[in-house]
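Colleague: Build the 3D model from these lines:
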Amino acid sequence: MTRGALHHVELRTADLAAAAPAWDWLLGELGYESSQRWDDGRSWRLGDLYVVLESAPRDGTNDRRRPGLSHLAFHACDQADVARLWEAAPNHGWSRLYADRHPHAGGPDHHAAFLEDTERFKVELVAR
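Modeller: Residues are numbered from 1 along each chain as shown. Predicted structure coming up:
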């Protein structure tokens with residue numbers, strides 16, 4: 001355990017059945033293993049960190065452009081890994097963001113892919 005490292009991230013979804021396959025694919029590709037499943041949620045673990053996707057107890061929609069969480073950024077290994085995930089993502093429930101600037105939407109020295117799920121949760125996959 002590293003002091004200050006994230007312990008877990010918990011995301012709330014309006015439709016667990018619709019959202020879980022996209023997250024299962026992405027997190028699996030990044031090396032996370034399915035950890036727990038219950039009626040209203042799922043979790044995946046990578047080392048000490050785990051990610052939870054759980055049914056939201058209240059109605060509403062996510063908008064990453066409003067105050068709150070903008071996105072999650074994950075290390076994706078190298079540039080080839082980012083390219084592979086970018087290509088495969090639409091077949092697994094993810095939309096590509098900033099295609100006109102890919103893979104440098106984060107700046108000329110930043111190689112990454114930006115994706116968004118059906119509920120507009122954004123992820124950034126960063127190459128080393």
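
Colleague: Please point out which parts of the lengthiest helix in the chain sit buried.
Modeller: The residue-count maximum for a helix in the chain (DSSP state H) belongs to helix 16-29. By neighbour count with 16 or more other CB atoms under 10 Å, helix 16-29 contains the buried residues 16, 19-20, 22-27, 29. Bear in mind the C-beta positions are built from the backbone N, C-alpha and C, glycine included.

Colleague: Output the residues you listed in JSON lines, with pLDDT and distance to V123 appended to each entry.
Modeller: Putting the buried residues of helix 16-29 into JSON lines (pLDDT from 0 to 100; distance: CB to CB, whole Å) gives the following:
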{"residue": "L16", "pLDDT": "97", "distance to V123": "18"}
{"residue": "A19", "pLDDT": "97", "distance to V123": "13"}
{"residue": "A20", "pLDDT": "98", "distance to V123": "15"}
{"residue": "A22", "pLDDT": "98", "distance to V123": "10"}
{"residue": "W23", "pLDDT": "98", "distance to V123": "9"}
{"residue": "D24", "pLDDT": "98", "distance to V123": "14"}
{"residue": "W25", "pLDDT": "98", "distance to V123": "12"}
{"residue": "L26", "pLDDT": "98", "distance to V123": "7"}
{"residue": "L27", "pLDDT": "98", "distance to V123": "10"}
{"residue": "E29", "pLDDT": "98", "distance to V123": "11"}
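
Colleague: low pLDDT regions in the chain?
Modeller: Low-confidence segments of the chain (pLDDT under 70): 1.

Colleague: one step back: please save the CA atoms from the longest helix of the chain in CSV.
Modeller: Coordinates of each C-alpha in helix 16-29 appear next as CSV, following Å, rounded to 0.1, in the frame of the first residue of the first chain:
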residue,chain,number,x,y,z
LEU,A,16,-26.2,-1.6,-14.7
ALA,A,17,-27.2,-4.3,-17.3
ALA,A,18,-26.4,-1.9,-20.2
ALA,A,19,-23.2,-0.3,-18.7
ALA,A,20,-21.5,-3.3,-17.2
PRO,A,21,-20.4,-5.0,-20.5
ALA,A,22,-18.5,-1.9,-21.6
TRP,A,23,-16.7,-1.5,-18.3
ASP,A,24,-16.0,-5.3,-18.1
TRP,A,25,-14.3,-5.2,-21.5
LEU,A,26,-12.3,-2.0,-20.8
LEU,A,27,-11.1,-2.9,-17.3
GLY,A,28,-10.3,-6.5,-18.4
GLU,A,29,-8.2,-5.1,-21.3
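
Colleague: With that, I have no additional questions.
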